[in-house]
Structure formats: structure tokens, C-alpha cells
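Student: Following is a predicted model, sequence given first.
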Amino acid sequence: MQELPLNIPEGSRKEVMAYLEPFMLNEMSDYLKPVEEMWQPADFLPDSSRDTFFEEVRDLQESAKELPYDLVAVLIGDTITEEALPTYESWLTMVEDVEKNEQGGWMKWVRAWTAEENRHGDLLNKYLYLSGRIDMRQFEMSTQYLIQDGFDIGTGADPYRNFIYTSFQELATNVSHRRVAGISKKSGDKLLAKMCGVIAADEARHAKAYMSFISHALVVDPSEVMIAFEDMMRKKIVMPAHFMREAGEPQGEAFAHFSDAAQRLEVYTALDYVEILNTLNQDWQIDKVGGLNEKGEKARDYLMKLPDRLTRLADRIKVPEIQYKFKWIHG
């Protein structure tokens, strides 16, 4: 790619997005798999058509009994996050300056991404139902609340902020699912470990797609992308389920307790946040981006210094040691 091709003016999102759409179409197959080759929830769950169905469910429940309380809470929070997919899809379709043709590159990507992500909530929801440890009505009310409440993640409809956010968020969900898989395996639930492992692998592929888009955008509109990155990090990347709540509780309260549980287990911590920022700085070669204007240079300077500052802050964070009793979990 040549810098500022086709006489694209600096900061012209519409022209940049039109220029990048062919790259999105051409690279889509690198980050998505054919439907027939993908895993499906049925590959992991007890088969109700078999005579051994109830025996398989009993085995699943026996393994689930051994999972630590905090891990079950984190798994539920992760599942509710995945189940709020309608919010994320509608948000992606509202991005400005992209061609909204149903067969255009952007809309094809959104549908294909959504189709892959949809399997995550389906799989985990069914596992939770079969486990026997979950008050499914409470879980389902939290899911409905989260979809109803939406989110406020600070991207607006800007494509650069959108893709910076999704790059960060997909890496974060990869970390969370991967760590839940590891703890599940140590706790003796090999089935759950496999489930979370394949979901984590999907998230890693999707992160690479969004990161690739920003890499291309940095070449054609470096200052504006850099400023957008700085802006998102100044606001702080909030998780998409930050409004999560239990029935009868204030908006966001359940998310705070869910986050505490994740920190206690070291499933997702403040230091992971810093490490993801480091990963993006390195992958996008922030220190080497050329053609920046004065604001772009200042944004780069902020981004390069931020990881050390956040690490110092992370070291001072105190995580509550007492487990919160969620309405989601029996007993």
C-alpha cells in the first residue's frame, strides 16, 4: 500500500474506508473459516438422541460440581457477555463512512463475524443449563437486561475508534476464555476446558482481523488513527458488559462483582489490560509510524509512555477477598 493513495486527504474517513474495503474482502478468508469446517455447539454437548444422553449429562454435572465458585461466576459473566451479541452487531452496522450495501465488504464481514460469535453464547448457555448449578431464570434476566441496556464504550460511530476497540476487546476475551479453560482443566472439567479453548481460538482470529484493518489504516491516515487510539486509551477501554446487572440491582453492579472474581482468579487483571496495550503498540509498530502531524506525534508519545504508567497503577489495585454471592448460582 502506498501512503495516501488516490489523493486521499488526511482525516477523510469516507475515502479511507472506500479504499480499504477491497482489503477487507480479500483478507476475510484469512480470519474466518467455512461454515462446514467450523466447530458447532453440538460437537461438545450431550446428544439427546442417544440412549446415553442422561448418563452424559450426569457426567457433565459431576465435573461441574468441582468448579470453584468464582470460576462459575466468571463463566456466567462471560456467557452473558457473549449472549449480548445483538447489541454488538447493531453497533457494528452503525459505523459511519462505510458502504452499507448488504453485499459490500463491511456488511459481509459483520454478518460473518456475528455468525461465528453466535456459537459462543449458544455453547456456553447450554453447558450452564445442563450443569445444574445455575439459576437459569436469574441468568436469563441478566442477559435480557444487558441487551436492553446496551453499552457506552466511547467509540461513537467512528470506524477508527470502532476497530481499535474491537482489536483490544477481542484480545481481552481471548485471555479470559483461555484462562477459564486452564482453571477448568485443573479442576477436572475437561469438557468445559475444551469449550473455552475453542472459543478463545475464535477470539484470537477475530482480533487479528481488526488489528490488520488498523495496520492498513495507519498507512493511509496515520495521524487520525493515532489520535483515535490515544483518545480510546485516555477514556479507558471498558468491557462491553459493563452495564451487567442482576434482577433488582443497579445497572453495572453485577459487572463490578464479576470483575472482582476475575481478578481474584487472575482470569483477567489490570496487568492483562497493560499487556494487551503493549501487544497493540507492538503489532501496529506505533513507535515507527511515519507521516504524523503534531497532534499525531503527541498522541504517539502518550501511547508509548502509557504502559509503564498503567503498570504502576495496577500494582496498587486491591481486589476484594470476600466472594460476592450471585443470584445466578444455586447454593
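Tutor: Nice, thanks for sending it over.

Student: Which elements pack onto the longest helix anywhere in the chain?
Tutor: For the chain, the helix with the greatest residue count under DSSP state H is helix 190-220. Other elements packing on helix 190-220 under the criterion 3 or more Cβ pairs under 8 Å, 6 or more residues apart in numbering; DSSP states H and E are helix 13-31, helix 53-65, helix 69-83, helix 105-131, helix 159-186, helix 222-235, helix 270-283. Heads up, the C-betas are built off the backbone N, CA and C, glycines and all.

Student: one more time with 7 Å, if that's ok
Tutor: Judged by 3 or more Cβ pairs under 7 Å, 6 or more residues apart in numbering; DSSP states H and E, the packing partners of helix 190-220 are helix 13-31, helix 105-131, helix 159-186, helix 222-235.

Student: Pull out the buried positions in that helix.
Tutor: The neighbour-count check on helix 190-220 (16 or more other Cβ atoms under 10 Å) flags 191-200, 202-220 as buried.

Student: Same question for stretch 227-243.
Tutor: 227-233, 237, 239-243.

Student: Over that stretch, what's the mean pLDDT, rounded is fine.
Tutor: Averaging pLDDT along stretch 227-243 yields 97.

Student: cool, and stretch 130-149?
Tutor: Here the average pLDDT along stretch 130-149 is 98.

Student: Now it: buried residues?
Tutor: So for stretch 130-149, counting by 16+ other Cβ under 10 Å, buried means 130-131, 133-134, 138-143, 145-147, 149.

Student: Stretch 287-296 now?
Tutor: Here stretch 287-296 shows 289, 292, 296 as buried, counting by 16+ other Cβ under 10 Å.

Student: what's the closest non-adjacent residue to the second one?
Tutor: So the one you mean is Leu292. Leaving aside its sequence neighbours, Leu292 sits nearest to Ser223 (Cβ to Cβ, 6 or more residues apart in numbering; 5.1 Å).

Student: Report the contact partners of the one you found.
Tutor: 10, 292-293, 295-296 (Cβ atoms under 7 Å, 6 or more residues apart in numbering).

Student: and the strand or helix carrying Ala262, how far from the chain's centre?
Tutor: Secondary structure assignment for Ala262, by DSSP states H and E: helix 253-265. Mean-position distance between helix 253-265 and its chain equals 16 Å (Cα atoms, centre = their mean, to the nearest Å).

Student: just stretch 124-141 next, same as before
Tutor: With Cα atoms, centre = their mean, you get 21 Å for stretch 124-141.

Student: start to end distance for it?
Tutor: For stretch 124-141, the first and last residues are 16 Å from each other (Cα to Cα, to the nearest Å).

Student: can you list the weak-confidence ranges in the stretch 1-150 of the chain?
Tutor: Low-confidence segments of the stretch 1-150 of the chain (pLDDT under 70): 1-11.

Student: again, only using 80
Tutor: 1-12, 23-25, 97-104 (pLDDT under 80).

Student: Could you do the stretch 201-331 of the chain as well?
Tutor: Looking at the stretch 201-331 of the chain by pLDDT under 80, you get 331.

Student: List the residues that contact Asp158.
Tutor: Residues near Asp158 by Cβ under 7 Å, 6+ apart: 96, 228.

Student: That one and Ala115: what is the separation?
Tutor: 25 Å (Cβ to Cβ, to the nearest Å).

Student: re the thing from before, which pair in the buried residues of stretch 130-149 has the greatest spatial separation?
Tutor: The most widely separated members of these, counting by Cβ to Cβ, are Leu130 and Asp149 (27.7 Å).

Student: what about stretch 242-256, distance to the chain center?
Tutor: Mean-position distance between stretch 242-256 and its chain equals 19 Å (Cα atoms, centre = their mean).
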